[in-house]
Each structure stands twice: as C-alpha cells, then as structure tokens.
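K.L.:
Need the 3D shape of this:
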Amino acid sequence: MSSCSGGSREVGVGVAMVAAVLLLVTGCAQTVTGAAGPVAGAKQTAAALPLDADEQALAAVFATVRTWDLCAVHDVQAAASVTGYTPDELLPSIGLDTCRLRLKQPDGVSEWELTFSIATVQPVDGAAPIALGATQLQQTGYSSEATCSYSYPIGPDGDRPWGIEVTSYNVSANRPPCDVARDYVNAVGQRLVSPPLRTQGRTSPAPALGGTDPCALAAELVPVLADGAPVDLAESRANLSGPYGCSIGVRIGEGAADLTDVWAAVELSVASEPLKGAVVAGRPAAHMSLGSDCILTFQSSDFTVQGNPGFQPTYETAKITASCDQVQRVAEAAAQALGTPAAPITPVGGALALGDLDPPPSPEQVGAPFDPCTIVGWDGYPQELRPTQPKIAAAMPVTPQSGYSVGCSFNTGPMFSSLVWGTPQGAFSADPAARPGAAAAQFSGKPGVEQRGTLERGEPLCYSAVQLATGIAAMSTVLPSGDPCAVNRPILEQVAARVP
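P.N.:
Okay, here's the model as predicted:
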C-alpha cells in the first residue's frame, strides 16, 4: 500500500496541477512503520522529491517520525525513580516533534525536565557515548552542570544525521544531569528502539496534526502562489526544515522575460501564548513582518491540553511565511487544506494523560463551600494591580504542610496574592489568639484576623482570614508598593458576604 500524504491525514486535491505538485513535493512514499533505526529504502520512498539525495533520504525518515508518539516514549514512573522527583507535567513542547516531562522536588522548588525531541546529531567533542544494545548514543548539544543530552540515531546516513535526542535539565540538580539522562535512556531503551505509534492511542488527547505531512500541505498552496500563472514544475523545488516544516519555491510565468519565483513555507507546531491581532479562517492568528515577507501563525485545530495551573493551554499552530501581499491568502488556503481533522485516535485503556500530572484538588473534592479561583476573581483586585493581558488564576498545589485544603494564586507584576480555604489548624486560623501580633478584624460582620509583616527584603506582607460556617477563608498578599491589607480586605468582605 502507498500513500501520498506521509501520514494519516489525506490532503484533498481538486485540480491536476495541484496533484502534480503534490507528487513533486511528497512523492508516493510507502507507509513506514517499525523500528526507529535508520530507515531502509529511503532513496526509493523519497525519489520523487525535488531535493538532493541527502534530503530525499531525510524525507523518508521524517515520514516515519510522524507515525511516532514521542510523549508515549516517556515512562513517568521510571523518570520519578531516576530523578527522585514527583511527576508534574507532560506536554508537547516547542513543536510537534518534542515532548517534555517535568518533575518537581517533593518538598522544594527544584524541577527536572526530561525531553525527547527530533534533532540533528551534533556530538560533543571528546564526550564518551553510551551504549543501548549495539547502538551508540553520542552526547550532543550543549552540556553543563544543568543539562545533558544523548541522541539515539534514526538516520539518514551521511553528513547530517538525525536522532531522538534525550535531554535532562535542572538548574539546581540533585544528580549530575548526564547520569540522569543516561539512566533514563536505559529505562526507556526499548521505546527508543521501537517508538510507540500514534495510532496505538498510548497518550490522550492526541494532537490532530501529528501525522500531517507539511510538504503535502505546501503543495496545496501552489494555485494561490501562482495566482493563475502557468507553473514550471521542473524548475520548482521543496526544502525540509524538520518533520513538520517544508518550504516550496515555484517557478511561474511564460517565456524568459516573464519568469518569476514565488515561495511559501509551512511549519506545524504547538504554542501556549495567545495569538492576537489577526484572524485566519475564523481562528485567532498573529502577524509578523519580515520586510517584504510576512508570517501568519494561526491556531490550526481544536486540540488543546491544559498543563500546570496558571498557564495557558497548549494548542496546535500552523505558521505560514510568504510575501506580504500574498500571506493572508496563502494562510487561508492552508487552513482550508487542513480542513476538518480526522476522527481523533481512541486512547487505549490506561493511556497516559497529557497535561498536569498532579492537579490540585478541586473545591468539590475537599468539601469547600466556594471556589477560590472564581468567587471573586481578578475583578476583586484594584484596577492598577490587574494583569494587562488575560491571565488565568492558578489553582495552588496542596501538600501536608500547606495548612489550607484548596487555594488559588493571583500573581501579576510585583504582587503575589492568594485566596485559600481550609479547616483552621495552628497558625492557619481566623483567631487572633493563634497568631501572635495579629489584630481582630470584621469582614461583612463575620469575625476574623488581620496581620501585617515584612519579608526578608522588606516587602510588606498581609495575612487576613475570616471565619465561615465551615472552615475559614484566608488571604496572603505581598505588595512592594502599597498596602497589601487594603488588597485583602474588600475581597474577603465579598467572600464573607456570599458564603455562609
């Protein structure tokens, strides 16, 4: 069986010219599955690409890469064992060809990041490789006291090989990062040799565009680039920038005096920062000028996954680069070509959930009478302290030492503020007697406490709490310039008025 898309998505082709270009830039490569080693038959599967021999082989490797689920290569429990840290977050990161597992120190602020990415193999001079069976993994990239990488080779042979790069990173590491990377390679070795396939549903949710061939998408843009002019396919060309990046240059016109070249580049990726300032096919987008060329990046599917609290969700993007006078039309054509994604892959039982791996408890789970994130929200803060851009109030982690049962942080600029709920214990109390130096206070007629202080560097701090029928609501705010108690007071007044 053969495929002209290189993945699970079919790109519809409506006219003969587009069909010819699709063949030109993608070939009719055989569907490739199996081991992660150098891809056999690369010259045969990619011979139709208008690329040099090295990039023809690379196209076949990338077609294989797009069948893999890199997030499913991770082993969360093995990572916890190797680092001694608690699994925290698993997300596609930077691109569709990268997946990062974050782990956090159980009783501290240190973090490990373990990342799989598809990257060129750039060995570190003089560094000893590590062995995985008969395969040598070169130490690659930039090595320091904080980070270390090894690369499992996937081909092609030649001067520019690629690999699955395994990177460990921690700015305050409890173990040497190369030891962590090496031990993690050994722990997931079989998954590097034979990566899980996206179609196996080992993780959830599945990115909608994970199997999309960017060169097939680029081929769909040729009619817009040509704008009715004849296309000289023999003089057109394509270039690969990665498994999800492709540019195409098209020769158009008739006669030597009328010939011209037009081009566009496609990159499928992920992002978390909101896209603003433009719209493509009804979806949010962002525009950037590069002089005569421009970039339009738009949200390219409905796939989203929420990571740690307080951060924007991760979503898929398509970045289109073309001449400024064409980029809007080219991006619209790309969005149309992507169309409606195929039916989502059904996850298997026990599939690894992407996103926040240890979400904070919900108010319902702990029996709280209100949700600290929503009962007042940012609207309760003075206008000058609210974020200028939309910002999610972050549900707070809870540990046995926290005191509270559920909470939400409202941090922006110099201000750090939180609203929590829980059962009084020790200094977590609305009783002045439990907090030496605190003063009795009233919030909407309910008894409470207010206590001022300063941090080590002199920033003013205020703790305020009010007794409710069930538990207490408490706030802690640090405000370097201003009165933090004046921030707490109106918010707790609203909470006390709304909650019995």
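K.L.:
List every C-alpha atom in the helix or strand where Y152 lies, with coordinates, as CSV.
P.N.:
Assigned by DSSP states H and E, Y152 falls within strand 147-155. Provided in CSV are the C-alpha atoms of strand 147-155 (Å, rounded to 0.1, in the frame of the first residue of the first chain):
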residue,chain,number,x,y,z
THR,A,147,21.9,19.9,31.2
CYS,A,148,23.0,16.9,29.2
SER,A,149,21.7,15.2,26.0
TYR,A,150,22.3,11.9,24.2
SER,A,151,20.9,11.1,20.8
TYR,A,152,19.5,7.8,19.5
PRO,A,153,20.3,7.7,15.8
ILE,A,154,17.4,7.4,13.3
GLY,A,155,19.2,8.3,10.1
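K.L.:
Paired strands for that strand, with orientation please.
P.N.:
strand 135-140 (antiparallel), strand 162-169 (antiparallel) (DSSP bridges).
K.L.:
and the ones you listed, which is most packed in?
P.N.:
strand 162-169 (a mean of 24; mean count of other CB atoms under 10 Å). For glycine as for every other residue, the C-beta is placed from the backbone atoms N, C-alpha and C.
K.L.:
now it: mean pLDDT?
P.N.:
Mean pLDDT, strand 162-169: 98.
K.L.:
how near is P432 to G249?
P.N.:
From P432 across to G249, the span is 74 Å (CB to CB, to the nearest Å).
K.L.:
Counting neighbours, what do you get for the closest residue to E111 other than its chain neighbours?
P.N.:
What sits nearest to E111 in space, not counting adjacent residues and going by CB to CB, 6 or more residues apart in numbering, is K104, at 5.2 Å. When counting by other CB atoms under 10 Å, one arrives at 20 neighbours for K104.
K.L.:
wait, doesn't K104 sit right on A80?
P.N.:
No: contact status for K104 versus A80: not in contact, 10.4 Å apart, counting by CB atoms under 8 Å.
K.L.:
Give me the common contacts of these two.
P.N.:
Common neighbours of K104 and A80 (criterion: CB atoms under 8 Å, 6 or more residues apart in numbering): T86.
K.L.:
Pull out the buried residues from stretch 426-441.
P.N.:
Buried residues in stretch 426-441, counted by 16 or more other CB atoms under 10 Å: 428-430, 432, 435, 438, 441.
K.L.:
rewinding a little: quickly list what the residue nearest to E111 is bridged to.
P.N.:
Under the criterion used (DSSP bridges), K104 bridges to T86, E111.
K.L.:
what's it in contact with, if anything?
P.N.:
85-86, 88, 110-112.
K.L.:
which of those lies closest to A351?
P.N.:
D88 (18.6 Å; CB to CB).
K.L.:
count of neighbours near the closest one?
P.N.:
20.
K.L.:
Using CSV, write out the CA atom coordinates for the helix or strand harbouring it.
P.N.:
Element membership for D88 (DSSP H and E) is strand 86-92. Backbone C-alpha positions of strand 86-92 (Å, rounded to 0.1, in the frame of the first residue of the first chain) are rendered in CSV as follows:
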residue,chain,number,x,y,z
THR,A,86,7.4,13.7,41.6
PRO,A,87,5.9,13.7,38.0
ASP,A,88,4.3,17.1,37.4
GLU,A,89,3.5,17.8,33.7
LEU,A,90,3.7,16.1,30.3
LEU,A,91,3.2,18.2,27.2
PRO,A,92,4.2,18.6,23.6
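K.L.:
rewinding a little: what distance do you get for the residue nearest to E111 to S247?
P.N.:
Taking CB to CB, one finds K104 at 39 Å from S247.
K.L.:
which of the buried residues of stretch 426-441 sit farthest apart?
P.N.:
Maximum distance among these (CB to CB): 16.0 Å, for F428 and A441.
K.L.:
Please identify which helix or strand holds K319.
P.N.:
Judged by DSSP H and E, K319 forms part of strand 314-323.
K.L.:
Following that strand in sequence, what is the next regular element?
P.N.:
helix 327-338.
K.L.:
got the angle between that next one and strand 314-323?
P.N.:
Angle between the axes of helix 327-338 and strand 314-323 is 130 degrees (criterion: axes from the mean of the first three to the mean of the last three CA atoms, to 10 degrees).
K.L.:
other SSEs contacting helix 327-338?
P.N.:
helix 214-219, helix 222-226, strand 278-280, strand 283-289, strand 293-305, strand 314-323 (3 or more CB pairs under 8 Å, 6 or more residues apart in numbering; DSSP states H and E).
K.L.:
just checking, which of these sits deepest inside the structure?
P.N.:
The most buried one of the helices and strands packed on helix 327-338 (mean count of other CB under 10 Å) is helix 214-219, showing a mean of 29.
K.L.:
Export it to PDB, keeping only CA atoms.
P.N.:
What follows is helix 214-219, C-alpha atoms only, in PDB (Å, rounded to 0.1, in the frame of the first residue of the first chain):
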ATOM      1  CA  PRO A 214       3.900  19.700   5.700                       C
ATOM      2  CA  CYS A 215       5.000  19.200   2.100                       C
ATOM      3  CA  ALA A 216       1.600  17.800   1.200                       C
ATOM      4  CA  LEU A 217       0.100  20.900   2.800                       C
ATOM      5  CA  ALA A 218       2.600  23.200   0.900                       C
ATOM      6  CA  ALA A 219       1.600  21.600  -2.300                       C
END
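K.L.:
Tell me how many other residues crowd the closest residue to V224 other than its chain neighbours.
P.N.:
Ranked by CB to CB, 6+ apart and with sequence neighbours excluded, the top spatial neighbour of V224 is A333, at 4.6 Å. Applying other CB under 10 Å, we find 22 other residues in the vicinity of A333.
K.L.:
okay, now the domains of the protein?
P.N.:
Per automatic domain parsing, the structural domains of the chain span 16-68+208-338, 70-195, 363-498.
K.L.:
Out of those domains, name the one with the poorest average pLDDT.
P.N.:
domain 16-68+208-338 has the lowest average pLDDT among those, namely a mean of 81.
K.L.:
Other residues contacting the longest helix belonging to the chain?
P.N.:
Longest helix in the chain, counting residues (DSSP state H): helix 484-498. Residues outside helix 484-498 that contact it (CB under 8 Å, 6+ apart) are 370, 375-376, 380-382, 385, 415, 417, 419, 441, 443-446, 448, 450, 452, 460-462, 464-466, 468, 473, 475, 477-479.
K.L.:
Go through that helix and flag the buried ones.
P.N.:
484-485, 487-489, 491-493, 495-496.
K.L.:
cool, stretch 362-374 as well?
P.N.:
363, 366, 368-373.
K.L.:
contacting residues around that stretch?
P.N.:
393-395, 405-408, 418-422, 468-471, 473, 495, 498-500.
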